[in-house]
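J.: let me see the structure of the following:
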Amino acid sequence: MKTLHIILVNLFILSSCNNNQVKPNVMTKSNSIDSTYFCLEDSITVRFLSQTNYKKAIATCRLTLLDKQIILKGHGYMGPTRILANYYSREEHERNNIPIKIVQWGTKDEEHIIYVWYRKEKKEWQPIVAEKYHISTQF
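T.: Predicted coordinates for the structure are as follows:
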């Protein structure tokens, strides 16, 4: 009888151990990318930003230093915005309300800032120009 109890206890222990086994984590494929991780690991580049619309650029790296919209009308170009003088004449922006989106990204080395100016075309913000400046650049 004692042997039977020992066998039953061992079977009980074995069955309870099998039910509580730790199963290995199974990785599942995700359709979304953590853009914060992506842009810190693979620094966003001037080349990429100069060819990519605003929506895709933000989806790639949502960590921006600045993201604002302005209207060019009747003001001279100041600071980094003076680069737009190469794309819009003074007369053109004095006559028209030209919506411009300015977005800044920091680079992976943390020593540069990439400025991107966008214009609205067919309901999408398309890049006008992207420029990289050292963080200490003064305009």
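
J.: settle this for me: Pro80 is touching Glu131, isn't it.
T.: Yes. Pro80 is in contact with Glu131 according to C-beta atoms under 8 Å; the separation is 7.4 Å. Just so you know, the C-beta spots here come from the backbone N, C-alpha and C atoms, and that holds for glycine as well.

J.: now for these two: what residues contact both?
T.: Tyr115 (C-beta atoms under 8 Å, 6 or more residues apart in numbering).

J.: in stretch 54-73, what counts as buried?
T.: Residues Tyr54, Ala57, Ile58, Thr60, Cys61, Thr64, Leu72 are the ones in stretch 54-73 that count as buried (16 or more other C-beta atoms under 10 Å).

J.: secondary structure class for the third one?
T.: Read that as Ile58. Three-state call for Ile58 (DSSP: H, G, I helix; E, B strand; the rest coil): helix.

J.: returning to that earlier point: now render the buried residues of stretch 54-73 as TSV, adding distance to Asp109 and pLDDT.
T.: Shown next, in TSV, are those (distance: C-beta to C-beta, whole Å; pLDDT from 0 to 100):
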residue	distance to Asp109	pLDDT
Tyr54	24	95
Ala57	19	91
Ile58	21	90
Thr60	18	85
Cys61	15	86
Thr64	17	89
Leu72	31	79
